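**Q** quick check, what structure comes out for this input:
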Amino acid sequence: MTALQTWVINLDRAPERLARISAQLQALQLPYTRLAAVDARALTPAQRAALDEPAFHRKHGMTPVPGELGCYLSHIEVMRAFLASEAQFALVLEDDVLLQNSLPAVLQGLMQHPTRWDVVKLSAVHRGTPQPYLQVAPGHQLAVMLSRCTGSSAYLMNRRAAQAYLRERDGLLPMQLPYDHVFDQGWRFGLKFRLVTPTPCGHDEHIASTITAPAGGSRKFHWTRRLPTYAYRIGNELKRLAYGLRETRLERHTTQSSAG
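**A** Down below sits the predicted model:
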């Protein structure tokens, strides 16, 4: 898989997490490049300026924590490294991901159908109401999502996606939401955002998250301050549904035409 480069996002202060995912990747014969994660404990003024805090309050209804910004910027750095490389596809892994044996076959299947996706989630927190349209490996289907499906511990993207995410106007910066709440907005970025179902990756429950809120009090605003958040989420999910229905129709038509 010379067209593929794998990146593992890992904090310098978390060598045990790197050792855990390194062992998994070695067992699957998937070479990787480590990307030093942006450490929330040592954010620079420029990195802190990448957060649009008023927009985050309005859209997410709570106070951001430094770890969310560090995670967000780490994924941005992976995209920059990807575009600076010669790879056609990037497998992006957070270091708390759990890899299943079917992952290499799923990756091979996806790369054999490069026109059918731009970004593919390989792990998921919510189900996402998947609409399958193409088998990419035994027991695994490529699907469009009709509902929210968060998580960003494992995904595959092409160069077109990285370029869209990094564009100066209407790209991922500045940060206005947690990373996994925004990078899946295919309608916004003009991308074919997809999911493999069932997912070939999951979350390792034995590893504690490094994105933690300060002790004491709640990050979430009182419901009266969250009215703009509710309005945003309703609008966002309606856009997701419309996008999903349109993409499902197009993909199933393409599959039927190919079969005919």
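
**Q** flag the shaky bits of the stretch 151-260 of the chain, pLDDT-wise.
**A** Residues of the stretch 151-260 of the chain meeting the criterion pLDDT under 70: 208-217.

**Q** okay, and the residue nearest the centre of the chain sits in which element?
**A** Nearest residue to the geometric centre of the chain (C-alpha atoms, centre = their mean): residue 152, 3.5 Å. Remark: residue 152 resides in no helix or strand, with elements defined by DSSP states H and E.

**Q** so what's residue 97 scoring on pLDDT?
**A** pLDDT recorded at residue 97 is 97.

**Q** contacting residues around it?
**A** Residues near residue 97 by C-beta atoms under 8 Å, 6 or more residues apart in numbering: 21, 123, 153-154, 201-204. To be clear about C-beta, it is placed using only N, CA and C from the backbone, and glycine gets the same treatment.

**Q** change it to 10 Å
**A** Listed by C-beta atoms under 10 Å, 6 or more residues apart in numbering, the contact set of residue 97 reads 8-9, 17, 20-21, 24-25, 103, 122-123, 151-154, 201-204, 207.

**Q** are any of these buried, and which?
**A** 8-9, 17, 20-21, 24-25, 103, 122-123, 151-154, 201-204, 207 (16 or more other C-beta atoms under 10 Å).

**Q** sort out for me which of the residues you listed are in helices.
**A** 17, 20-21, 24-25, 103 (DSSP state H).

**Q** for residue 30, which non-adjacent residue is spatially closest?
**A** residue 6 (5.6 Å; C-beta to C-beta, 6 or more residues apart in numbering).

**Q** ok, that neighbour - contacts?
**A** By C-beta under 10 Å, 6+ apart, residue 6 lies in contact with 25, 28, 30-34, 87, 89-93, 107, 156.

**Q** try it again with 7 Å
**A** 30-33, 91, 93 (C-beta atoms under 7 Å, 6 or more residues apart in numbering).
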